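Colleague: Here's a sequence, model it:
(one chain, ligands or ions: 2)
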Amino acid sequence: MVLSTTGHNTPRILAVSNQKGGVGKTTTAINLGTALAAIDEKVLVIDLDPQGNASTGLGVQADKRKISAYDVLIGNEKIENAIVPTSVPNLSLISSTLDLLGLENDLSQYENRSFRLRDELLNLFSRYGMLKPEQQFTYIIIDCPPSLNLLTVNALSAAQSVLIPLQCEFFALEGLSQIISTIEEVKASLNPGLSIHGVILTMFDKRNRIAREVVEEVRNVLGSKVYSTLIPRNVKVSEAPSHGKPVLLYDHTCSGSKAYIELATELIQRERDMVA
Ligand SMILES: Nc1ncnc2c1ncn2[C@@H]1O[C@H](COP(=O)(O)OP(=O)(O)OP(=O)(O)O)[C@@H](O)[C@H]1O
Ligand SMILES: [Mg+2]
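Modeller: Residues are numbered from 1 along each chain as shown. Ligands and ions are numbered 1, 2, ... in the order given. Below is the predicted model of the structure:
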């Protein structure tokens, strides 16, 4: 098995989750994934949101999503058949389709419905040595939908750690307790090894006094759980998905790109500290 720069000898599985909508989950999954791929990690992004924004933002249009996360979770396809390359070297995707909207219902009779993703990933790892080199991932990043439904439960049951994006706005802390208590519940009942990797402050506008106060307050409350890297509000970040590209490919010099590279560096440093 590939030994990643983190020192772990299995892929690190990170879920990007917050039940609050529009806080930067997908943007973080795509751009953190790209930044990690740029420093030679082998990255798989799993799009678990029926909206399919991560798939679109990585340039995998609907007609290329023949085998999707739904097929894997329902058990129609082996997970490696669902993995597609993206325009980003070292970054692959398992895409989402609207079928995912019906997953909760379709899995209702399955006793292991909370563990479908975990078990498929374990299957993948058991065949690791036989996989193509580009499928021997060091990081798996799961983009969650903005709700605490069965898809999110599957992500949290499969993940080792959770990244929580938080938008720098007045209501930032509202709702945070909900995701934290969900993580605690999953940890207690389904996935004892689950941890919070960190809180990522997104869409920061330094000219906005409220945003500056929010950063201070979140840091006071959560301390070292908050990444030092602040993701700025940057128009290039919001334009990039309409070109089917991560911002790092769209404009690698903009402030958003620089911030996601800094975030990847900080994440890897935290990973090293964890195993040290
Ligand atoms: N740093 C940023 N600067 C400017 N715009 C941003 C930034 N981050 C995200 N956005 C924009 O904000 C919107 C919400 O971001 P994103 O889709 O990543 O959030 P999300 O949490 O995944 O949303 P959802 O809950 O709907 O899945 C998008 O239009 C995105 O382009
Ligand atoms: Mg999203």
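Colleague: Compute the number of surrounding residues for Asp40.
Modeller: 12 (other Cβ atoms under 10 Å). From N, CA and C alone the C-beta is placed, and that goes for glycine too.
Colleague: quick one: the helices in this protein?
Modeller: 25-38, 53-57, 69-74, 103-106, 116-126, 150-158, 176-189, 209-222, 235-239, 247-250, 255-275 (DSSP state H).
Colleague: Could you dump these into TSV and include mean neighbour count, mean pLDDT and distance to ligand 1?
Modeller: TSV is the format used below for the helices of the chain (neighbours: other Cβ atoms under 10 Å; pLDDT from 0 to 100; distance: least, Cβ to the nearest ligand atom, whole Å):
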stretch	mean neighbour count	mean pLDDT	distance to ligand 1
helix 25-38	27	98	3
helix 53-57	25	97	5
helix 69-74	24	98	15
helix 103-106	15	94	16
helix 116-126	19	94	18
helix 150-158	24	97	11
helix 176-189	15	93	12
helix 209-222	14	93	12
helix 235-239	16	98	4
helix 247-250	22	97	8
helix 255-275	18	93	5
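Colleague: how about a markdown table for those helices, with distance to Asn81 added?
Modeller: What follows is the helices of the chain, written out as a markdown table (distance: least, Cβ to Cβ, whole Å):
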| stretch | distance to Asn81 |
| --- | --- |
| helix 25-38 | 21 |
| helix 53-57 | 16 |
| helix 69-74 | 8 |
| helix 103-106 | 18 |
| helix 116-126 | 11 |
| helix 150-158 | 18 |
| helix 176-189 | 28 |
| helix 209-222 | 40 |
| helix 235-239 | 32 |
| helix 247-250 | 26 |
| helix 255-275 | 29 |
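Colleague: Pick out the residue of the protein closest to ligand 2.
Modeller: Thr26 (3.2 Å; Cβ to the ion).
Colleague: Wait, that residue touches Asp143, no?
Modeller: Yes. Here Thr26 reaches Asp143: they are 5.3 Å apart, a contact under Cβ atoms under 8 Å.
Colleague: what residues are shared contacts of those two?
Modeller: Overlap of the contact sets of Thr26 and Asp143 (by Cβ atoms under 8 Å, 6 or more residues apart in numbering) consists of Val16, Asp49, Asn53, Ala54.
Colleague: How are the strands of the stretch 1-150 of the chain distributed by residue range?
Modeller: 12-16, 43-47, 83-85, 91-94, 139-143 (DSSP state E, counting those that start in this stretch).
Colleague: Give me the contacts around stretch 220-231.
Modeller: 24, 28, 168, 173, 196, 198-204, 215, 218-219, 237, 256, 259-260, 262-263, 266-267.
Colleague: Repeat the analysis, applying 6 Å as the threshold.
Modeller: Contacts with stretch 220-231, where a contact means Cβ atoms under 6 Å, 6 or more residues apart in numbering, come from Gly198, Val199, Ile200, Leu201, Thr202, Phe204, Val218, Arg219, Ala259, Glu262, Leu263, Glu266.
Colleague: Then stretch 142-161?
Modeller: So stretch 142-161 is contacted by 13-17, 19, 21, 25-26, 29, 46-49, 54, 104, 114-118, 121, 182, 186, 190-191, 195, 197 (Cβ under 6 Å, 6+ apart).
Colleague: Who are the contact partners of the residue lying closest to Ile200 once chain neighbours are set aside?
Modeller: In space, and not counting its chain neighbours, Ile200 is closest to Pro165: 4.7 Å by Cβ to Cβ, 6 or more residues apart in numbering. Pro165 makes contacts with Asn18, Val23, Gly24, Lys25, Thr28, Ile200, Thr202, as judged by Cβ under 6 Å, 6+ apart.
Colleague: Now do the same for Gln135: its pLDDT.
Modeller: Here the pLDDT value assigned to Gln135 is 86.
Colleague: does any part of stretch 139-155 sit near ligand 2?
Modeller: No. Stretch 139-155 is not in contact with ligand 2 by Cβ under 5 Å from the ion; minimum separation 6.0 Å.
Colleague: CA atoms only: put that stretch into PDB for me.
Modeller: Coordinates of each C-alpha in stretch 139-155 appear next as PDB, following Å, rounded to 0.1, in the frame of the first residue of the first chain:
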ATOM      1  CA  TYR A 139      -6.700  11.000   0.400                       C
ATOM      2  CA  ILE A 140     -10.400  10.400   0.000                       C
ATOM      3  CA  ILE A 141     -12.500  13.600   0.400                       C
ATOM      4  CA  ILE A 142     -16.300  13.200   0.700                       C
ATOM      5  CA  ASP A 143     -18.500  16.100  -0.200                       C
ATOM      6  CA  CYS A 144     -21.700  15.900   1.900                       C
ATOM      7  CA  PRO A 145     -25.100  17.400   1.200                       C
ATOM      8  CA  PRO A 146     -26.500  20.200   3.300                       C
ATOM      9  CA  SER A 147     -28.500  17.900   5.600                       C
ATOM     10  CA  LEU A 148     -28.000  15.300   8.200                       C
ATOM     11  CA  ASN A 149     -29.600  12.500   6.200                       C
ATOM     12  CA  LEU A 150     -28.500   8.900   5.400                       C
ATOM     13  CA  LEU A 151     -26.000  10.200   2.800                       C
ATOM     14  CA  THR A 152     -24.200  12.300   5.500                       C
ATOM     15  CA  VAL A 153     -24.400   9.300   7.900                       C
ATOM     16  CA  ASN A 154     -22.700   7.100   5.300                       C
ATOM     17  CA  ALA A 155     -20.000   9.700   4.900                       C
END
